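1. Below is the sequence, then the predicted model.
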2 protein chains.
Amino acid sequence: MYIILVYDINQKRVGKMLRLCRKYLNWIQNSVFEGEISEVKLTELKFNALKIMNPQTDSLIIFKTRQEKWLDKEVIGLERADIDNFL
Amino acid sequence: MYIILVYDINQKRVGKMLRLCRKYLNWIQNSVFEGEISEVKLTELKFNALKIMNPQTDSLIIFKTRQEKWLDKEVIGLERADIDNFL
């Protein structure tokens, strides 16, 4: 399946979460990721995310779609890919 | 159409962008919005967003899908709705 993942995590934990999400997905904006992922890998990602986050204050939202073609993406302004080239 | 909008905007401009996006969409996380919107209203939203943002440093990503049912949303941790009740 294809997913979009967005998080809002306390700054103390955000570095860990970023590293975790980049293992599974493409980083497209500060706290936004997308990519094709299997059900098993997504379960693993959520399991690991829950170990990092504080569910009382942090938020993680996952949008899933069965097919990437059902989603049309438009980027206005800066593209993360531009930034990644400099990292 | 149904859209997810995410932005990464310099702090100086983020308040304006938040107010703009809330006019058109539901606020579901710090910099994430979703909702049903017409082509005309979306064009208007993008036009106004471009007046606020600096396209060299700010980023706005819009995911569009023709039908909301093609997207399945899962929220882990804090839900924005919980926060909105206190605002």
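-> Done, it's in.
2. Grab the nearest non-local neighbour of residue A:50.
-> With C-beta to C-beta, 6 or more residues apart in numbering or on different chains as the criterion, residue A:50 has its nearest non-adjacent residue at 6.9 Å, and that residue is residue B:76. Quick note: C-beta positions are derived from backbone N, CA and C, even for glycine.
3. With residue A:49 instead?
-> Nearest to residue A:49 is residue A:60, by C-beta to C-beta, 6+ apart, at 5.7 Å.
4. To what extent is the residue nearest to residue A:50 buried, counted in neighbours?
-> Using other C-beta atoms under 10 Å in any protein chain shown, residue B:76 is surrounded by 17 other residues.
5. Not counting its own residues, what contacts the helix or strand encompassing it?
-> Using DSSP states H and E, residue B:76 sits in strand B:72-77. Residues outside strand B:72-77 that contact it (C-beta atoms under 8 Å, 6 or more residues apart in numbering or on different chains): A:46, A:49-50, A:53-65, B:28, B:34.
6. Partner strands of that strand, with direction?
-> Its sheet considered, strand B:72-77 pairs with strand A:59-65 (antiparallel) by DSSP bridges.
7. Please export the C-alpha coordinates of the partner strand as CSV.
-> Taking Å, rounded to 0.1, in the frame of the first residue of the first chain, the C-alpha atoms of strand A:59-65 are listed here in CSV:
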residue,chain,number,x,y,z
SER,A,59,0.8,12.9,17.2
LEU,A,60,1.3,10.6,14.3
ILE,A,61,-1.2,10.4,11.4
ILE,A,62,-1.0,7.9,8.6
PHE,A,63,-3.1,8.1,5.4
LYS,A,64,-3.2,4.9,3.5
THR,A,65,-4.3,4.3,-0.1
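8. gap between that strand and the chain center?
-> 8 Å (C-alpha atoms, centre = their mean, to the nearest Å).
9. So which bits of the strand holding residue B:76 are buried?
-> Neighbour-count burial for strand B:72-77 flags B:76, B:77 (criterion: 16 or more other C-beta atoms under 10 Å in any protein chain shown).
10. any idea of the mean pLDDT in it?
-> For strand B:72-77, the mean per-residue pLDDT is 94.
11. do the same with stretch A:13-23
-> Here the average pLDDT along stretch A:13-23 is 97.
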